[in-house]
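Visitor: Generate a structure from the sequence data that follows.
(one chain, ligands or ions: 1)
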Amino acid sequence: MSLVSFAQPPEMLEKARAKFDAQVGTDRLVDEHDLSNLPYLHNIILETLQLYPAAPMLVPHESSDDYKIGGYNILRDTILLVNAWTVHRDPNLWDNPTSFKPERFKGLQVQPSKLIPFGMGRRSCPGSGLAQRVVGLVLGSLIQSFDWKRIGEEEIDLAEGIGVPMPKAKPLEKACFRNKKIEKGVLGART
Ligand code: HEM
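Guide: Now for the predicted structure:
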């Protein structure tokens with residue numbers, strides 16, 4: 001979803017590529033040590049998780065006792081689902097929530113209860129750090145290695161399908177071309 005959304009207006013892809021060229025250069029691919037110096041990439045990942053949480057209803061939980069939350073009585077042994085998708089698109093919490101704007105996270109300490117793609121509290125995802133690093137490396141390498149273009153003039157349909165992880169309703173059709181600059185740099189460095 002990151003690649004689809006941020007390449008819709010090509011300027012965003014160009015901006016990401018420029019940050020890579022400045023920070024990593026063109027003679028090698030991004031590695032784990034670069035990630036902390038690539039805040040724009042991190043913001044793209046956060047923005048993707050905000051708009052397209054992989055587990056939109058998180059994981060079901062069961063109440064261990066009777067509770068009152070937000071004026072609602074929750075009985076013991078009730079199955080509870082948290083709709084992260086709706087929280088992430090709530091206009092009371094986010095400015096212009098449905099537009100893909102990685103910049104919204106710039107220099108921002110996000111309130112943990114606003115952005116919950118990994119859940120929150122003691123049963124939140126213990127793999128969130130690893131997941132974000134792996135996504136950073138994969139997405140970063142794809143940005144560095146290829147030029148991404150949509151096929152035709154039509155905007156890509158971003159509608160979601162049903163499932164976990166949440167799929168795209170219509171399969172993505174996109175063209176990618178090798179980035180000659182990095183190809184030359186990386187292969188050149190190996191020979
Ligand atoms: C983008 C990738 C991932 C997403 C979006 C994700 C999301 C989630 C979510 C929403 C939960 C449920 C939190 C809750 O109960 O409220 C969860 C739980 C969990 N995740 Fe992940 N996860 C990801 C990657 C990983 C990875 C890489 C690992 C392990 C290396 C992992 C291990 C776990 C485990 C063990 C739990 C259960 C925690 C518990 O019940 O105490 N996840 N994850």
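Visitor: Give me every residue in the protein that's in contact range of the ligand.
Guide: Residues of the chain lying close to the ligand (Cβ under 6 Å from any ligand atom) are 54-55, 58-59, 117-119, 123-127, 130-131. Quick note: C-beta positions are derived from backbone N, CA and C, even for glycine.
Visitor: repeat that with 5 Å
Guide: 54-55, 58-59, 118-119, 123, 125, 127, 130-131 (Cβ under 5 Å from any ligand atom).
Visitor: are any of those residues buried, and which?
Guide: 54-55, 58, 118-119, 125, 131 (16 or more other Cβ atoms under 10 Å).
Visitor: Which elements pack onto the helix or strand hosting A175?
Guide: Using DSSP states H and E, A175 sits within strand 174-178. Judged by 3 or more Cβ pairs under 8 Å, 6 or more residues apart in numbering; DSSP states H and E, the packing partners of strand 174-178 are strand 146-150.
Visitor: if you average pLDDT over the helix or strand where E14 lies, what comes out?
Guide: Assessed by DSSP H and E, E14 sits inside helix 10-23. Averaged across helix 10-23, pLDDT comes to 87.
Visitor: can you state the direction angle for it and strand 146-150?
Guide: On the basis of axes from the mean of the first three to the mean of the last three Cα atoms, to 10 degrees, helix 10-23 is oriented at 170 degrees to strand 146-150.
Visitor: which parts of helix 10-23 are buried?
Guide: 12-13, 16-17, 19-20.
Visitor: ditto for stretch 91-105
Guide: 94, 97, 100-102, 104-105.
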